[in-house]
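**Q** this one's sequence-less:
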C-alpha cells in the first residue's frame, strides 16, 4: 500500500527555499514526472501531459477523441470517476519516473488551526528550481494563479461533512450528488468548485483545469475527503440498503471508467474505487480524520435528532412541492417569487425546510462566486440562504448551463421572526463580497429558472 | 442501534408513483401485442404502408411497450418539478412528446421502406438493421452520448413554460432513446415479431440501467439472439 501524504509536511514553505534548495523526494518525483509527461506528444502517447489533461476536458478548439473530455462533473459519479482518474495518473507518474512507491500528495487546506495551509505550496509557485546545482524550469509552475490564500469560508467542511447521505433526490443533494445528473453534490460544490475558482488561471475551467499540476493535489484532497466522510459514523453510501432506488444502484455498480490508450485502456469499476486496498487502487492517506474543531462541529450537526446510535431516525426524505417560480433572473436583480401553487400561505403549519433550485445558469464572464439572498418582503433585510461557485461556466460553450440547489432552511427562523407568512419570497443573486472580482460590472450571470420548494404538507 | 438496523427504515428508495402508471400501461401494451402476435413472415409479400391505421396502431403499441419504461425516470423528474395541480398535465405532455416523436420516426422509416418497396417482414431488412445496432453497441462515442443525454433541461413547474419545458424534456428523452434504439426500431418498421420486440426491449432497458458499463456483452447478445431467431425462423 502506498501512502498519499499531506503536502504541508513535504513543502519547504517559502519561495526562496523552493527555488534554491532540494525538494522533498515526493515533490521532486512529481516535478520530474510532470516534466517527462510534458515532453511526450499527445498525438501518439497516452502517457503525455496533454493526454492526461484532455482526458478531463478539452477546449472548444481541440479535436475530440473518445478517451478525452470525460470528467463527470455535476454527477453522482464525480467522486468515483475522479478517484479512478487519479489512480491512472499516479500510475503514469510511477511508470515514467521508476518510483514504484510514489504516492500523489494531497493539499489539505481545511484545517482552521493552520492558516498557511490555505496558501499554494511554494513548490508550485516558483518559476524555477534548483536541480543538481543548476536552475531549471519548474514543471509544477503555471502562470496566472492567484497568490492569495484560499478564503477560509470556501474550504470550510462543516456543512459538507454534516450531510449523512451520499445521494439524495432533487431538490436536495447528498454528499456525492443527486438522483439526477446536472446537480453538484455537497463536496463538489464546496470545497471543490470554490477552490478551483480561487486558484484561478486554467483551474477555472474543467476544459483546462487538469493542465495545472496543482489540480491533482486538489483532487487528491477531495478524494481523501470522500474517505473521511465514509469513515464518519452515520454516513450512508449509495449502495447501502434503502439508500437509493434500484436503478441508481444498478447504474452505480455497473459503471466502469477507462483511461489511456483507447484500444487497450486501463479500466476501473466502482467496486475498485470503493476499496482503497484493492489491487487497482492500492493506496491509503496519511490522515482520514477531520481536524478536532471541525469534527466536533460535524458531530454536533449530525447529532441533531440522533437517538444515540449515531444516526438520526428522522432522516427520512420528505416529499417536496414546487410552490413558486420565476424566470430569467440576472445577478443583482431582486425578484419577488409569488407562490402560485400548493400551500401558498403558512397559516396551517410552518414549513420545516425551504429549498431553492437555480436551473439553467449561464454566463460567459461570471463572478467567481454568488450569494443567494432571500427576503421576507422586497423591502425586508436580506438573508444569505446559500452560495455557489461558478466553476465550469467560464471557458465553456455559451450553451453550457449549470444547476444549483440552495438549502435555505438555515434562514427560515430569520424569515419567520420577521413575520414572513409565505405567499411570496424575494430572491436575489449577488456577486459575493470580498472577492477580487466582486465589483467588476462586466461580469454577470443569468439563471433561466428559480423554483422555490417546500416540503409537502 | 446499528447502521444496519437503521438504514432499512429510511424511506428514500421508494419507487416513484409515475413508474407504476407507466409500467402498467407498458404491461398492457405487451399483453395486447402478445395476443396480436404475428410471426415474422405472416405478412410476407405485403408492402409496408405507414398510412394505414393498423400499422400506426401496432407501432404505437410497440412504442408503449418498449419505450415508455425507458422514459420513466424523466417522467418522474417532470412530476417532481411540477406544481401539484400541473403534475398530470406535464407528465402527459412529456410522454406524448416522446410518443409522437417515435410515431414520426416510424412513419419516416416506414415510408423509406415503402419507397424502396421493401415487403413486410423482410428478414434481410431486419437482419441488416439489427447488425447495425449490434455494431453500434461497441461505439465509444455512442456511450458518451448516452451519458450526456442523462441531463435534463430546466423543468418549469406549470403554465405555458411548464408545457414547453415538458416538451423539451420529452425531446431530450426521445433523443436518448433514439440513440439507444434507433436502428432496432428501424428494423421493426417492416415487422415486429414478439421475440424480436422482447430481445430489443430487454437490450434497451439493460443498457439504460447500465449506461457506464464498458463493452457490455448483454445488449449485443440479446440483439444477436433476435437476429439468429430471424434467420432460423426463415429457414
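**A** That came through fine. These numbers were taken from a predicted model, which means no experiment stands behind them.
**Q** Run through the residues that contact residue B:158.
**A** A:322, A:325, A:340, A:341, B:82, B:83, B:85, B:86, B:90 (C-beta atoms under 8 Å, 6 or more residues apart in numbering or on different chains). Just so you know, the C-beta spots here come from the backbone N, C-alpha and C atoms, and that holds for glycine as well.
**Q** List buried residues within these.
**A** Buried by 16 or more other C-beta atoms under 10 Å in any protein chain shown: A:322, A:325, A:340, A:341, B:82, B:83, B:86, B:90, out of the contacts of residue B:158.
**Q** My understanding was that the third one contacts residue B:83; is that so?
**A** Yes. A contact is recorded between residue A:340 and residue B:83 when judged using C-beta atoms under 8 Å, the distance being 7.2 Å.
**Q** Sort out which residues of stretch B:129-138 are buried, please.
**A** Residues B:129, B:130, B:133, B:134, B:136, B:137 are the ones in stretch B:129-138 that count as buried (16+ other C-beta under 10 Å).
**Q** I'd like to know how far the fifth one sits from residue B:104.
**A** Same thing as residue B:136. 21 Å (C-beta to C-beta, to the nearest Å).
**Q** In terms of helices and strands, where is residue B:110?
**A** Assigned by DSSP states H and E, residue B:110 belongs to helix B:87-115.
**Q** how distant is that helix from the center of its chain?
**A** 11 Å (C-alpha atoms, centre = their mean, to the nearest Å).
**Q** how far off helix B:87-115 does the very next helix or strand once past it point, in degrees?
**A** The helix or strand immediately downstream of helix B:87-115 is helix B:123-136, counting by DSSP H and E. Per axes from the mean of the first three to the mean of the last three C-alpha atoms, to 10 degrees, the angle that helix B:123-136 makes with helix B:87-115 is 120 degrees.
**Q** tell me which strands and helices whichever helix or strand comes after helix B:123-136 is in contact with?
**A** Using DSSP H and E, the helix or strand that directly follows helix B:123-136 along the chain is helix B:140-148. When contacts are defined as 3 or more C-beta pairs under 8 Å, 6 or more residues apart in numbering or on different chains; DSSP states H and E, helix B:140-148 sits against helix B:159-188.
**Q** Please name every helix or strand in contact with the helix it packs on.
**A** Using 3+ C-beta pairs under 8 Å, 6+ apart, the elements in contact with helix B:159-188 are helix B:68-81, helix B:87-115, helix B:123-136, helix B:140-148, helix B:194-209.
**Q** Deepest in the core, which of those helices is it.
**A** With neighbours taken as mean count of other C-beta atoms under 10 Å in any protein chain shown, the helices and strands packed on helix B:159-188 reach their highest mean count in helix B:68-81, at a mean of 24.
**Q** is it anywhere near chain A?
**A** Yes. Helix B:68-81 is in contact with chain A by C-beta under 8 Å from any C-beta of the partner chain, via B:73, B:77, B:80, B:81.
**Q** quick one: which of those is nearest to residue A:183?
**A** residue B:77 (11.1 Å; C-beta to C-beta).
**Q** you'd agree the closest one is up against residue B:157?
**A** No. Here residue B:77 does not reach residue B:157: they are 11.9 Å apart, not a contact under C-beta under 8 Å.
**Q** and for these two, which residues touch both?
**A** Residues touching both residue B:77 and residue B:157 (C-beta under 8 Å, 6+ apart): there are none.
**Q** Pass me the low-pLDDT residue ranges in chain B, would you?
**A** For chain B, the stretches flagged by pLDDT under 70 are B:1-16, B:37-48, B:235.
**Q** What separation do you get for the residue positioned nearest the centre of it and residue B:205?
**A** Centroid-nearest residue in chain B: residue B:67, 2.4 Å away (criterion: C-alpha atoms, centre = their mean). Distance, residue B:67 to residue B:205, using C-beta to C-beta: 10 Å.
**Q** one step back: what residues are shared contacts of residue A:340 and residue B:83?
**A** With C-beta under 8 Å, 6+ apart as the test, residue A:340 and residue B:83 both reach A:323, B:158.
**Q** ok so, going back, what is the nearest of the buried residues of stretch B:129-138 to residue A:299?
**A** Proximity of the buried residues of stretch B:129-138 to residue A:299, judged by C-beta to C-beta, is greatest for residue B:137, which lies at 48.4 Å.
**Q** looking at it, that closest one is touching residue B:223, isn't it?
**A** Yes. In this structure residue B:137 lies within contact range of residue B:223 using C-beta under 8 Å: 7.3 Å.
**Q** So for the two, which residues contact both of them?
**A** Taking C-beta under 8 Å, 6+ apart as the criterion, residue B:137 and residue B:223 both touch residue B:203.
**Q** need the contact list for the closest residue to residue A:278 other than its chain neighbours.
**A** Nearest non-adjacent residue to residue A:278, counting by C-beta to C-beta, 6 or more residues apart in numbering or on different chains: residue A:272, 5.0 Å away. By C-beta under 8 Å, 6+ apart, the contact list for residue A:272 reads A:84, A:278, A:280, A:281.
**Q** SS state for the third one?
**A** Meaning residue A:280. In three-state terms, and counting by DSSP: H, G, I helix; E, B strand; the rest coil, residue A:280 is coil.
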